[in-house]
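Engineer: sequence first, predicted coordinates after that:
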Amino acid sequence: MATSYQDPDRTRLAVLGSPIAHSLSPTLHAAAYDVLGLPFTYGRHEVASGSLDAFIAGLGPAQRGLSLTMPLKREVLPLLDRTTPLVDELGVANTLAFRSEGGRVVRAGANTDVEGLVRPVAALGHVPGEATILGGGATAASALTASLRLGARVVRVFLRDTAKARDLVGLATRLGITLEVHPLADLEQAGPLGFVISTLPGGAADELPLRPSGSDAVLFDVAYEPWPTAASTRWEAAGGRVLNGLDMLTEQAIGQIRFFLTGDEDELLPSEAAVRRAMRGAVGLPEQIGG
């Protein structure tokens, strides 16, 4: 963690979005910085669409970084000086770090959502041949890339307005993955499913006809408030396995902390296993993924 002490006076962090009052990111980050022994503060701020530029302009020199959620993950792109290859590929960033370089402040953007999805599924040992994504927003782009990294070569996306899948279609073409686009109303015809990532808001998937194909079928519901959702309860009752939105939130937060400290979302933290245990415990998750 040689670069973790760069800009030692930058000790403030926060999560931005709208709505944001429900976010558990402050709880997760506080638990991590306590284990790491870092004197950081992490808050939350309601920032609506169109307000991000002005909010960033008003930040002081103590700001180390920001976590970004809906609707800001695409709006932040023109405000960044530097981006990781994954941000360039997806057109989505959920992390912004401020760095002092050569007398100026550089805004660096990263995407940790993809690994936030990949690591929990990989920990279950699940290798999907096909994947189903519900929703077509910024998180769906991360879900598409995560599906490819997990082994899927065919992905079906279901969303209310299929015209909004244009960005996903372009991404799938660049990634070399087969993408089928369907209206959400056609989900019943899909039959039992083996691997599903629901990027819909909390409760939005509750009335959808989701059925697991077997005991190894996985539903990754990125919602966590309220939890459990009716969709996850039905899936589990039918014999499938469920991953909580908090599993994703914890893993993407670990990537953010790596990026805030070192500038590299893939560089492991000191005592990362202890950090992960503390974060999961802080939000009521079992010590191990899938436990």
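Structural biologist: Cool, the structure landed. Numbers count the residues shown, from 1 in each chain.

Engineer: can you give me the strands for the chain?
Structural biologist: In the chain, the strands defined using DSSP state E lie at 12-17, 41-46, 63-68, 82-83, 95-101, 104-110, 130-134, 154-159, 178-183, 195-198, 218-221, 241-243.

Engineer: CSV for these, including mean neighbour count?
Structural biologist: Bear in mind the C-beta positions are built from the backbone N, C-alpha and C, glycine included. As requested, those are exported to CSV (neighbours: other CB atoms under 10 Å):
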stretch, mean neighbour count
strand 12-17, 23
strand 41-46, 16
strand 63-68, 24
strand 82-83, 16
strand 95-101, 20
strand 104-110, 18
strand 130-134, 25
strand 154-159, 22
strand 178-183, 15
strand 195-198, 28
strand 218-221, 26
strand 241-243, 21
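
Engineer: dump those strands to a markdown table, plus mean pLDDT and distance to residue 275.
Structural biologist: Formatted as a markdown table, these follow (pLDDT from 0 to 100; distance: least, CB to CB, whole Å):
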| stretch | mean pLDDT | distance to residue 275 |
| --- | --- | --- |
| strand 12-17 | 98 | 15 |
| strand 41-46 | 98 | 14 |
| strand 63-68 | 98 | 16 |
| strand 82-83 | 98 | 26 |
| strand 95-101 | 94 | 17 |
| strand 104-110 | 96 | 18 |
| strand 130-134 | 97 | 29 |
| strand 154-159 | 96 | 32 |
| strand 178-183 | 97 | 35 |
| strand 195-198 | 98 | 25 |
| strand 218-221 | 96 | 22 |
| strand 241-243 | 95 | 20 |
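
Engineer: could you dump those strands to JSON lines with distance to residue 272?
Structural biologist: Below are these laid out as JSON lines (distance: least, CB to CB, whole Å):
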{"stretch": "strand 12-17", "distance to residue 272": "18"}
{"stretch": "strand 41-46", "distance to residue 272": "18"}
{"stretch": "strand 63-68", "distance to residue 272": "18"}
{"stretch": "strand 82-83", "distance to residue 272": "24"}
{"stretch": "strand 95-101", "distance to residue 272": "17"}
{"stretch": "strand 104-110", "distance to residue 272": "17"}
{"stretch": "strand 130-134", "distance to residue 272": "28"}
{"stretch": "strand 154-159", "distance to residue 272": "30"}
{"stretch": "strand 178-183", "distance to residue 272": "34"}
{"stretch": "strand 195-198", "distance to residue 272": "25"}
{"stretch": "strand 218-221", "distance to residue 272": "22"}
{"stretch": "strand 241-243", "distance to residue 272": "20"}
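
Engineer: can you give me the neighbour number for residue 62?
Structural biologist: Residue 62 has 14 neighbouring residues, counting by other CB atoms under 10 Å.

Engineer: what's near enough to touch it?
Structural biologist: 9-12 (CB atoms under 8 Å, 6 or more residues apart in numbering).

Engineer: among these, the buried ones, what's the PyMOL command?
Structural biologist: Entered in PyMOL, the line below selects the buried ones among those, by 16 or more other CB atoms under 10 Å:
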select buried, resi 10+12
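
Engineer: residue 199 and residue 220, how far apart?
Structural biologist: Distance of residue 199 to residue 220, given as CB to CB, to the nearest Å: 9 Å.

Engineer: for residue 25, which non-adjacent residue is closest in space?
Structural biologist: Leaving out its chain neighbours, the residue that sits closest to residue 25 by CB to CB, 6 or more residues apart in numbering is residue 15, at 4.1 Å.

Engineer: so what's the one you found bridging to?
Structural biologist: Assessed by DSSP bridges, residue 15 has beta-bridge partners residue 44, residue 67.

Engineer: offset the numbering so it begins at 16, please.
Structural biologist: All set: I'll call the first residue 16, so the last point we hit is now residue 30.

Engineer: was I right about it contacting residue 87?
Structural biologist: No - look at residue 30 against residue 87 with CB atoms under 8 Å: they stay out of range, at 10.0 Å.

Engineer: where does pLDDT dip in the stretch 16-165 of the chain?
Structural biologist: 16-20 (pLDDT under 70).

Engineer: helices of that one, start to end?
Structural biologist: For the stretch 16-165 of the chain, the helices defined by DSSP state H, counting those that start in this stretch occupy 40-51, 67-72, 100-105, 128-138, 153-165.
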